[in-house]
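Student: Below is the sequence, then the predicted model.
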Amino acid sequence: MSGPGGYLATLLGALAAGACAVVGGLLAIDPYGVWRDQGPRVPAFVMYQPRLFKPHDVARHRPETLLLGTSRVEQALDPLNPLLEGRAYNLAVPGARPYELLRQLEHACAVAPVKRVLLEVAFFSFVNDGNEHEAGFSEARLAVSPAGEARPPWRLADLADTAWSLESCAAAWQTRRGDLGPGTPLELIYLYGRNNPAFVLSVNPDGTPRSRRETFDANGLRFLTVAYPAWKGADAAGRWPQIARLDAIARLCRARGIDLRAFITPEHARQTWALRACGRWDDYRRFKQAATATLAQHALPLWDFSRVCAETAEEIPPAGPGTMRWWRDGGHYTVELGDLVLRRLLAGDGPAGFGVALDPAGLEAELALQERLLADWGATHPDEVAWVERHARRPADQPVASAGHAP
C-alpha cells in the first residue's frame with residue numbers, strides 16, 4: 001500500500017504495536033503485584049498504591065487477624081507481633097475513612113477466615129465533608145458489592161493503573177533495576193501490609209534529611225492550617241453521619257463472631273494542643289462521646305491512647321540532630337509505641353496511663369482528666385504552646401476547601 005493512506009496505516013500499526021508491547025511488558029513486570037499471586041517483585045513499591053495492592057494481597061494471605069486504620073496503623077502496628085495469634089495482615093491505608101474501613105472489612109471477610117479486628121477510630125478521618133473515601137479506592141476490587149452480594153474482584157478495573165500510566169512505567173523500570181531510590185536498600189519492604197516507616201523518609205526540598213523537630217513542625221502545620229480548620233463532624237441537625245459506619249462495623253463483627261478491639265490512636269501532646277488551639281476541643285469531646293456510646297451498644301469498650309502521659313508527652317528534640325523513641329512526627333508513632341498499643345489491647349497491661357477503656361459511665365470524668373493533663377503539659381511547655389498558637393487557624397479565620405488526610 002502506498003500514498004498518504006498507506007503511511008497513515010503503517011504509522012497507526014506501529015503505534016498500536018508499541019502500545020501493546022508497553023502494556024505487555026508492564027503486565028509481565030507487574031510492579032504492584034496485582035496480576036501475579038506471589039505479590040510484587042519489589043514489595044516496597046506498593047507504598048505508592050496501597051489501595052491498589054492490598055485488596056489482592058489480603059486474599060493471598062488469608063489472615064485471621066486484621067489491622068484496620070490510617071497511615072498511623074499502617075506504619076506502627078506490626079502484623080508479626082507475637083501477641084497477634086495466627087496469620088495477621090495490616091490492611092490500613094493512608095487517610096482511610098469509616099466507609100472504606102467497612103468495605104475493606106467486608107471484602108476481607110469474604111476472602112479470609114477473619115476472627116479478630118483491631119480498628120483505629122481516628123478523629124480526623126471521621127470528617128463530614130461529603131467524601132466517603134480517598135482517591136485510589138475502587139469498589140470493583142472488592143469481593144462484596146455495596147449491597148452485600150458476593151462477587152469475584154474485577155482485576156481488569158486496575159488495568160489503567162497498572163499497565164497504562166506514567167507512574168506504572170516508572171515503577172516497572174525501577175523494579176527491573178532493583179532501585180527504590182538513592183541509598184535505599186531492597187530489604188525495606190512492605191511486609192504483610194505494614195509500611196516499613198524506615199522507607200518513608202522525611203526530606204527537605206533540597207533532598208537533605210529533616211531533623212525530628214522539622215518533621216514535627218511540617219506535620220503540625222498541615223493540621224494547624226488545613227486539616228483541623230476545615231474539619232466538621234456533626235451535621236446541621238446534630239447527627240454524626242460517619243459514626244453510623246462504626247456501628248455497621250461493630251454489627252458485622254458481632255454477626256460473624258469476630259473479636260473487635262477498637263481504639264483511638266495515640267497523639268503527641270503537642271498535636272492534641274493543636275486541635276484545641278484550632279477550636280476543635282468540643283468537637284473532639286463529642287467525637288469520643290459518640291464513638292463510646294456507639295460501641296457500648298455492642299458491649300464493647302473504646303480504648304483511648306490519646307491521654308497525655310510519659311509516652312505521648314515525649315520531649316521533641318531542638319533543631320538539629322536528635323532522635324525520639326516513640327514518635328516520627330506528631331501523629332505517626334513508632335513500631336515500639338505500636339507494640340505498647342497491642343500489649344494494652346491484647347494482653348491488658350502496659351505503662352501506667354497509656355491506654356484507658358472508655359465507657360459511658362466514666363467517660364465525663366475521664367474527659368475532664370484528659371483536659372487537666374493537657375493543661376498541665378501546656379503550662380510546662382510554653383515554647384511548644386507558643387509555636388502552636390502562632391500558627392493555629394481557627395475555622396472562622398479562613399475557609400478551607402478540604403481537610404485531606406494525615407501524611
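Tutor: Looks like it came in fine.

Student: For the stretch 201-350 of the chain, which segments count as strands?
Tutor: 259-264, 302-304 (DSSP state E, counting those that start in this stretch).

Student: Adding mean neighbour count and mean pLDDT, write the ones you listed out as JSON lines.
Tutor: Quick note: C-beta positions are derived from backbone N, CA and C, even for glycine. Output for these, formatted as JSON lines (neighbours: other CB atoms under 10 Å; pLDDT from 0 to 100):
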{"stretch": "strand 259-264", "mean neighbour count": "21", "mean pLDDT": "98"}
{"stretch": "strand 302-304", "mean neighbour count": "22", "mean pLDDT": "98"}
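
Student: and L345, which of the ones you listed is closest to it?
Tutor: L345 lies closest, by CB to CB, to one member of the strands of the stretch 201-350 of the chain: strand 259-264, at 4.8 Å.

Student: for the protein, what helix or strand is lowest in average pLDDT?
Tutor: helix 166-177 (a mean of 50; mean pLDDT, DSSP states H and E).

Student: want to throw the strands of the stretch 201-350 of the chain into JSON lines with distance to L142?
Tutor: Formatted as JSON lines, those follow (distance: least, CB to CB, whole Å):
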{"stretch": "strand 259-264", "distance to L142": "20"}
{"stretch": "strand 302-304", "distance to L142": "27"}
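
Student: R328: which of the ones you listed is closest?
Tutor: Here strand 259-264 is closest among the strands of the stretch 201-350 of the chain (CB to CB), at 18.5 Å.

Student: Does the closest one pack against any helices or strands, and if so which?
Tutor: strand 116-120, helix 243-256, helix 281-296, strand 302-304 (3 or more CB pairs under 8 Å, 6 or more residues apart in numbering; DSSP states H and E).

Student: Quick one: residues contacting A88.
Tutor: 63-67, 79-81, 192 (CB atoms under 8 Å, 6 or more residues apart in numbering).

Student: Distance check, it against R62.
Tutor: 11 Å (CB to CB, to the nearest Å).

Student: mind listing the helices for the protein?
Tutor: Per DSSP state H, the chain carries helices over the ranges 3-29, 50-61, 71-76, 98-111, 159-163, 166-177, 212-222, 228-230, 243-256, 269-277, 281-296, 335-342, 363-380, 382-391.

Student: With respect to burial, which of these scores highest?
Tutor: For the helices of the chain, the largest average neighbour count (mean count of other CB atoms under 10 Å) is found in helix 71-76, namely a mean of 26.

Student: For the nearest residue to R343 once chain neighbours are set aside, give its distance to A255.
Tutor: Spatially, and ignoring its direct neighbours in sequence, R343 is nearest to G350 (4.8 Å; CB to CB, 6 or more residues apart in numbering). Taking CB to CB as the criterion, G350 is separated from A255 by 31 Å.

Student: same deal with H56?
Tutor: Counting by CB to CB, the separation of H56 from A255 is 25 Å.

Student: same thing with A76?
Tutor: With distances taken as CB to CB, A76 is found 29 Å from A255.

Student: Tell me where the model's unsure across the stretch 151-300 of the chain.
Tutor: Along the stretch 151-300 of the chain, the model assigns pLDDT under 70 to residues 153-208, 238.

Student: excluding its backbone neighbours, what's nearest T323?
Tutor: In this structure, T323 finds its nearest non-sequential neighbour in R212, 6.6 Å apart by CB to CB, 6+ apart.

Student: meant to ask about A76, not that
Tutor: According to CB to CB, 6+ apart, the nearest residue to A76 is G338 (3.4 Å).

Student: wait, what's in contact with that neighbour?
Tutor: G338 neighbours (CB under 8 Å, 6+ apart): 73, 76-78.

Student: which one of the residues you listed is nearest L342?
Tutor: L77 (6.6 Å).
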